[in-house]
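Q: how would this look folded up:
(chains A and B)
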There are 2 protein chains.
Amino acid sequence: MSTKERILDAALALFNELGERKVTTNHIAAHLQISPGNLYYHFKNKQAIIFALFERYEARVLGILQVPANRTLQPMDKLNYLQAIFRGLWDYRFMHRDMEHLLLEDPQLHARYRQFFRTCQLRVQAIFRGLGEAGIIRVSEEDVVALALNTWIVVTSWFSFLRCNLLRHDSDSISPAQLQAGIYQVFTLERPYLTEQYREVMNELQATFMPRPDFLTPGAEDEAAAV
Amino acid sequence: MSTKERILDAALALFNELGERKVTTNHIAAHLQISPGNLYYHFKNKQAIIFALFERYEARVLGILQVPANRTLQPMDKLNYLQAIFRGLWDYRFMHRDMEHLLLEDPQLHARYRQFFRTCQLRVQAIFRGLGEAGIIRVSEEDVVALALNTWIVVTSWFSFLRCNLLRHDSDSISPAQLQAGIYQVFTLERPYLTEQYREVMNELQATFMPRPDFLTPGAEDEAAAV
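A: Below is the predicted model of the structure:
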């Protein structure tokens, strides 16, 4: 692996573990046992590393969000999209943790991200249209636009939602079950649009991700009762 | 107005305008032309001010999210809930701008917020059940839980969504049209559940909030084309 790639991998691991604000280029160099000068040879500052990590993330997401050219969509496709997207979210979790801050610090990244958002919306709209053409859902063009935007918001907010609303203050770890609950939650957006023909098979797929009934009240027994 | 109330009003205005991280208790005291000692007499630190502002916000939201005891829900009720909630979001916009940070800094606020989230979920679920009982939507209990959570996520993420994805880097101002688009977006969550009887009247209500077609691509012409 090239030094450049090793720097990006190390930065990603440290950002995810400690939060981007707490990691300096010196930390990254020390972690790799290379000199700061060597790191600066490849990246002029931390922003350049973040930008390169975003480019990786973007390529990964746009690689996932494609409608197959030679066949219609199947029920399993939706599941595969969601699982791949949530794996990407997890692997680059530092990014959505502090997105406003990252974008505020770097106008170039902000412009690129806004463009990425638009491209994603078009791709996700195409997927919903494809599900419509396959007879899996029944949607108007207005529904397609609304579904794509709601999907974006739920997906990109999921980890922040968990941290603010469900995780206890002393716990920073998101469980696999909480990740899977995000997949279920995105599924619920299209559930009312399922056609009679596919309702049963899609609901069975969704059900495997459905969280336990106490999902929204973890550890509630330890805390004060009602407000 | 009491000094305590004046401090809270000034802090809220400054937090909203400058961001909470950039405002100190000294700024707030200077803004009110009172001594820091006088401020500390009422609030022992900035966290105490933030906590008191959260209590105000919480009381306001819980005052809104009530199902009328003596009548069934009407189509206009849904609109009134959403408009009141979005006004509250706007008036306390500093809070959702940096919620993870605020909660991380104050375990007591975090516990209180998690409790608030649960109470809101129960209240919003009750509203969706009420809309079901009024014959406006047709929903299962599973739908009610999913709708309440999706509503929470879209509402609490809306400003952050606008700032990350739609606002240009040099613009910090959210337009009334962008605020209204949030109301439309929340409406779309329940749209597929509308009964035949109420579909037309509800869609007419929604339509007044529908954003322009270029809503998702503001200023797109100024930027690089496709990715």
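Q: Tell me the helix or strand right after the longest helix along chain A.
A: Ranked by number of residues, the top helix in chain A under DSSP state H is helix A:107-133. Proceeding N to C from helix A:107-133, the next assigned helix or strand is helix A:141-161, under DSSP states H and E.
Q: Would that next one count as contacting chain B?
A: Yes - for helix A:141-161, a contact with chain B is found by Cβ under 8 Å from any Cβ of the partner chain, at A:143, A:145-147, A:149-150, A:152-154, A:156-158, A:160-161. Backbone N, C-alpha and C define where each C-beta goes, glycine included.
Q: what about A:S35, how many residues close to it?
A: Residues lying near A:S35 (other Cβ atoms under 10 Å in any protein chain shown) number 11.
Q: and the closest residue to it other than its chain neighbours, what pLDDT?
A: Spatially, and ignoring its direct neighbours in sequence, A:S35 is nearest to A:A29 (6.4 Å; Cβ to Cβ, 6 or more residues apart in numbering or on different chains). Looking at A:A29, its pLDDT stands at 97.
Q: so how far is A:I49 from A:A29?
A: According to Cβ to Cβ, to the nearest Å, A:A29 stands 11 Å off from A:I49.
Q: So these two - more neighbours on which side?
A: A:I49 (24 against 18).
Q: quick one: what helix or strand has the most centrally placed residue in chain A in it?
A: Nearest to the geometric centre of chain A sits A:L89, at 3.1 Å (Cα atoms, centre = their mean). Element membership of A:L89 [criterion: DSSP H and E] is helix A:75-91.
Q: Surely the residue nearest to A:S35 is in contact with A:N38?
A: Yes - assessed by Cβ atoms under 8 Å, A:A29 is found in contact with A:N38 at 7.0 Å.
Q: Let me see the domain layout of chain A.
A: A:1-44, A:46-226 (automatic domain parsing).
Q: Flag whichever of these has the least confidence on average.
A: domain A:46-226 (a mean of 91).
Q: Now do the longest helix of chain A against helix A:75-91, angle only.
A: Going by axes from the mean of the first three to the mean of the last three Cα atoms, to 10 degrees, helix A:107-133 is angled at 160 degrees with respect to helix A:75-91.
Q: Show me what helix A:107-133 is packed against.
A: helix A:46-64, helix A:75-91, helix A:99-105, helix A:141-161 (3 or more Cβ pairs under 8 Å, 6 or more residues apart in numbering or on different chains; DSSP states H and E).
Q: cutoff 7 Å now
A: Where contact means 3 or more Cβ pairs under 7 Å, 6 or more residues apart in numbering or on different chains; DSSP states H and E, helix A:107-133 is packed against helix A:46-64, helix A:99-105, helix A:141-161.
Q: Just checking the distance from the last one to the centre of its chain.
A: Which is helix A:141-161. Computed by Cα atoms, centre = their mean, to the nearest Å, the chain-centroid distance of helix A:141-161 equals 11 Å.
Q: ok, now the shortest one?
A: Its chain's C-alpha centre and that of helix A:99-105 lie 17 Å apart, by Cα atoms, centre = their mean.
Q: How about that helix, which residues are buried there?
A: For helix A:99-105, burial by neighbour count (16 or more other Cβ atoms under 10 Å in any protein chain shown) applies to A:M99, A:L102, A:L103, A:L104.
Q: so the second one touches A:I50, yeah?
A: Going back to what we said before, that points to A:L102. Yes - at 6.2 Å, A:L102 counts as touching A:I50 under the criterion of Cβ atoms under 7 Å.
Q: A:F54 is in contact with A:H110, isn't it?
A: No - checked against Cβ under 7 Å, the pair A:F54 and A:H110 is beyond contact range at 10.6 Å.
Q: More neighbours: the two, which one.
A: A:H110 (22 against 19).
Q: for the closest residue to that one other than its chain neighbours, what are its contacts?
A: Among residues not flanking A:H110 along the chain, A:L103 sits closest, at 4.2 Å (Cβ to Cβ, 6+ apart). Taking Cβ atoms under 7 Å, 6 or more residues apart in numbering or on different chains, we find A:L103 in contact with A:L109, A:H110, A:Y113, B:C164.
Q: distance of A:E190 from chain B?
A: A:E190 sits at a distance of 9 Å from chain B (criterion: Cβ to the nearest Cβ, to the nearest Å).
Q: interface residues of chain A facing chain B?
A: Those residues of chain A that sit near chain B, judged by Cβ under 7 Å from any Cβ of the partner chain, are A:62, A:99-100, A:103, A:107, A:110-111, A:113-119, A:121, A:146, A:149-150, A:153-154, A:157, A:160-161, A:163-165, A:169, A:185, A:188-189, A:192-193, A:216-217, A:220, A:223-224, A:226-227.
Q: Could you report the neighbour count for A:R118?
A: Neighbours of A:R118 (other Cβ under 10 Å): 18.
Q: what's the closest non-adjacent residue to it?
A: Counting by Cβ to Cβ, 6+ apart, the residue nearest A:R118 is B:T217, at 6.0 Å.
Q: you'd agree that neighbour is up against A:Q121?
A: No - between B:T217 and A:Q121 there is no contact under Cβ under 7 Å: 9.0 Å.
Q: Those two - which one has more neighbours?
A: A:Q121 (19 against 15).
Q: So the more buried one is in contact with A:A148, correct?
A: Yes - A:Q121 lies in contact with A:A148 (Cβ under 7 Å); the separation is 5.2 Å.
Q: so what's the residue nearest to the centre of chain A up against?
A: If you count contacts by Cβ under 7 Å, 6+ apart, then A:L89 has A:H96, A:V155, A:F159 around it.
Q: hmm, back to that, now the two most distant members of the residues of helix A:141-161 next to chain B.
A: A:D143 and A:S160 (26.2 Å; Cβ to Cβ).
Q: coming back round to it: list the residues that contact both of A:L102 and A:I50?
A: A:E20, A:L109.
Q: A:P176: neighbour count?
A: 8.
Q: do you know how far it is from B:V154?
A: 25 Å.
Q: How about A:L194?
A: A:L194 sits 21 Å away from B:V154 when distances are taken as Cβ to Cβ.
Q: And A:D98, by the same measure?
A: A:D98 is 21 Å from B:V154, by Cβ to Cβ.
Q: Which pair in the buried residues of helix A:99-105 has the greatest spatial separation?
A: A:M99 and A:L104 (9.4 Å).
Q: thought A:L8 was touching A:L53?
A: Yes - between A:L8 and A:L53 there is a contact under Cβ under 7 Å: 6.0 Å.
Q: residues near the residue lying closest to A:I137 once chain neighbours are set aside, how many?
A: Once flanking residues are discounted, A:I137 sits nearest to A:Y193: 4.1 Å by Cβ to Cβ, 6+ apart. Using other Cβ under 10 Å, A:Y193 is surrounded by 21 other residues.
Q: pretty sure A:Y193 is in contact with A:G135, am I right?
A: No - the criterion here is Cβ under 7 Å, and A:Y193 misses it with A:G135 at 11.6 Å.
Q: Now do the contacts for A:I49.
A: With Cβ under 7 Å, 6+ apart, A:I49 has these contacts: A:I7, A:L8, A:A11, A:F43.
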